[in-house]
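1. fold the stuff below for me.
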Amino acid sequence: MLLFRASMLRQLLIVLAISGCASFEPALRYADLMKPRAPTVKETQEGVEVSIEEFASKNKSQQAFDADIALAGILALLIRVENGGTETYRVQERAVSAYLGTEALPSMTGEAAAAQGANSEYVGKALGWTLAAGPFAIFLWPATIGGSASHTAAVNRRIEQHFESMRFTDSLLKPNQMAAGFFYFKLPSAVTKLENLRVEVTPSQEQTGKQLSFKFTLPTIDLSGAVAAPAANTSSEGRPSPSDHQ
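-> Purely as a prediction, here's the structure:
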């Protein structure tokens with residue numbers, strides 16, 4: 001009997017150890033988005049600089065969302081707008097569009113992106129709680145199932161809050177102000193490589209309504225885990241900057 005209890009205790013300790021793995025620990029926080037970064041592409045018009053940093057490749061996705069969300073069909077792009085001009089500009093979420101080839105990509109809320117791109121991964125981790133109990137699952141089943149369900153629900157709430165808190169929101173930028181955040185787009189099914197990924201951003205002057213038109217073509221992104229091809233910085237005319245040839 002003592003041996004049986006000892007075995008059950010060992011199995012329970014394994015379960016608890018695995019439960020610690022079913023957590024959500026992204027390395028990137030919203031405050032990090034406001035710090036100087038190395039964008040994938042950038043362009044300046046009339047003193048307004050727009051830059052885009054891809055977070056579709058595996059390593060960058062793990063850094064920001066603790067999951068490879070592109071494999072689940074979610075494209076995450078970090079967009080920063082810095083107003084170094086003399087006018088006030090409005091940047092709305094609807095002023096940003098993404099295209100894969102000729103196909104427009106549907107935009108997603110942070111909550112929807114979290115549900116599709118990350119939550120399911122932690123559900124799978126939590127199922128390991130009960131499986132870890134092995135032959136003693138019949139005895140530990142009520143505790144492991146109840147524990148995994150409550151833990152998973154708590155983690156999912158954290159995931160959704162994180163995705164929402166990192167999202168770009170409508171911004172009014174006076175001179176010398178900036179805004180940054182993620183845009184989430186739904187990818188076509190079974191995509192393994194992002195080729196001819198285009199993004200358009202159109203800030204508008206607050207007083208006149210005049211729009212600036214930023215059009216970017218991002219380098220090919222391999223979603224299999226390989227490193228994406230290096231991007232060239234662009235000037236306001238869209239040509240590679242001299243530094244790219246040094």
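2. so S189 sits right up against I74, yeah?
-> No - in this structure, S189 is not within contact of I74 by Cβ atoms under 8 Å, at 12.0 Å. The C-beta positions use only the backbone N, C-alpha and C, and glycine is treated the same way.
3. more crowded one of the two?
-> When neighbours are counted by other Cβ atoms under 10 Å, S189 and I74 differ, and I74 comes out ahead with 26 against 6.
4. so who does the residue lying closest to the more buried one once chain neighbours are set aside touch?
-> Of all residues not flanking I74 in the chain, G117 sits nearest, at 3.6 Å (Cβ to Cβ, 6 or more residues apart in numbering). Neighbouring residues of G117 by Cβ atoms under 8 Å, 6 or more residues apart in numbering: F65, A67, I69, A72, G73, I74, A76, F163, Y184.
5. so can I have TSV of these showing secondary structure and distance to S224?
-> TSV is the format used below for those (DSSP: H, G, I helix; E, B strand; the rest coil; distance: Cβ to Cβ, whole Å):
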residue	secondary structure	distance to S224
F65	helix	18
A67	coil	16
I69	helix	15
A72	helix	14
G73	coil	15
I74	strand	16
A76	strand	17
F163	helix	24
Y184	strand	21
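6. find the pair from the residues you listed with maximum spatial separation.
-> Farthest apart among the contacts of G117 by Cβ to Cβ are G73 and F163. That separation is 14.3 Å.
7. more neighbours: which of these two?
-> Using other Cβ under 10 Å, the more surrounded residue of G73 and F163 is F163, with 28 against 17.
8. wait, the more buried one sits on Y184?
-> Yes - F163 lies in contact with Y184 (Cβ under 8 Å); the separation is 7.4 Å.
9. okay, and the common contacts of these two?
-> Common neighbours of F163 and Y184 (Cβ under 8 Å, 6+ apart) are G110, A113, G117.
10. what's around T208, how many residues?
-> If we define neighbours as other Cβ under 10 Å, then T208 has 8 of them.
11. next: A154.
-> 13.
12. just confirm it is within a strand.
-> No - under DSSP: H, G, I helix; E, B strand; the rest coil, A154 falls outside any strand and is assigned helix.
13. and for T88, the neighbour number?
-> T88 has 14 neighbours, counted by other Cβ under 10 Å.
14. over to the one 3 residues further on?
-> Residue neighbour count, defined by other Cβ under 10 Å, stands at 24 for V91.
15. my read: it touches M178, true?
-> No - V91 lies out of contact with M178 (Cβ under 8 Å); the separation is 10.0 Å.
16. which neighbours do the two share?
-> Common neighbours of V91 and M178 (Cβ under 8 Å, 6+ apart) are V81.
17. related to what we said a few turns ago, in CSV: the shared contacts of F163 and Y184, plus secondary structure.
-> Output for the shared contacts of F163 and Y184, formatted as CSV (three-state DSSP):
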residue, secondary structure
G110, helix
A113, helix
G117, helix
